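**Student:** Give me coordinates for this.
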Amino acid sequence: MNKTLKYIMMLFGLGLFIICYDQVAVGQNPDINDDTEPLSFLKTGTNALNISEPIYQTIIGNFTDTKELSTWPTLVTKESFLEEAIMKDIGNVTNKMTFINTFNAQSTVIQGRGNGTIETSDGQSIGWISSDVGVLDKRGLVFHGIILFNNTISEKLSYLNGKLGIYEDDPEIHRTIWLLD
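**Tutor:** Reported below is the predicted structural model:
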């Protein structure tokens, strides 16, 4: 497992933990219900992620549109892409996506929010939303993100209904998505 992916998993795990803890434990009053035991960090289980099998791998991608939305106080762009990819147990798919990207002052870190639609060769589709961070490193611009698949009635893609995934996209190995179990 490469070092970058380990960091992604740790950061996303920590982020999800903070979100869940904030929603469940913060402000909980154990005196409200005498049968309720207070939450404890020591009693939580450990989740696993099988990163050996991605569900999505980009073959080729192209910009279809780029638009500057703002230059002050930071640069904000709207960028559209079209990717041809392969999905596990599906085959060839097309991914139409749009990202709103906010750059830091040095243009070395980008925060992106995206949405799009993955479509199979026979017209079945599923929508998604994502959030990611792009960092300029020795390989070029590398994005790490989390993706939430919407619900679909498409038979082939219904296994993705409401599922979360993580992804990496870099100049050497384009967008790769793994599902979180």
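
**Student:** Just the C-alpha atoms of stretch 153-172, please, in CSV.
**Tutor:** As requested, the backbone C-alpha atoms of stretch 153-172 are provided in CSV (Å, rounded to 0.1, in the frame of the first residue of the first chain):
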residue,chain,number,x,y,z
ILE,A,153,-32.9,2.6,-10.5
SER,A,154,-30.3,1.4,-13.0
GLU,A,155,-29.9,-2.4,-12.4
LYS,A,156,-26.2,-2.5,-13.1
LEU,A,157,-25.3,0.4,-10.9
SER,A,158,-27.7,-0.1,-8.0
TYR,A,159,-25.0,-1.7,-5.9
LEU,A,160,-23.6,1.8,-5.5
ASN,A,161,-26.8,3.3,-4.0
GLY,A,162,-25.8,5.6,-1.1
LYS,A,163,-22.3,4.2,-1.0
LEU,A,164,-19.2,6.2,-0.1
GLY,A,165,-15.9,5.8,-1.9
ILE,A,166,-12.4,7.4,-1.8
TYR,A,167,-10.3,8.3,-4.8
GLU,A,168,-7.0,9.4,-6.0
ASP,A,169,-6.2,11.2,-9.3
ASP,A,170,-2.6,12.0,-10.3
PRO,A,171,-0.7,12.5,-13.6
GLU,A,172,0.7,9.0,-13.6
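
**Student:** and for it, what are the contacting residues?
**Tutor:** With C-beta atoms under 8 Å, 6 or more residues apart in numbering as the test, stretch 153-172 has contacts from 4-5, 8-9, 12, 49, 55-56, 58, 90, 118, 120, 122, 124-126, 130, 132, 139-152, 175-180. All C-beta atoms are positioned from the backbone trio N, CA, C, and that covers glycine.

**Student:** For residue 85, which non-adjacent residue is spatially closest?
**Tutor:** Closest residue to residue 85 apart from its sequence neighbours, by C-beta to C-beta, 6 or more residues apart in numbering: residue 58 at 4.7 Å.

**Student:** By mean pLDDT, point me to the weakest helix or strand of this structure.
**Tutor:** Among the helices and strands of the chain, helix 3-24 carries the lowest confidence by mean pLDDT, DSSP states H and E, at a mean of 48.

**Student:** Can you tell me the element the residue most central in space within the chain falls in?
**Tutor:** For the chain, the residue sitting closest to the mean C-alpha position, by C-alpha atoms, centre = their mean, is residue 146 at 1.7 Å. Counting by DSSP states H and E, the element that carries residue 146 is strand 140-149.
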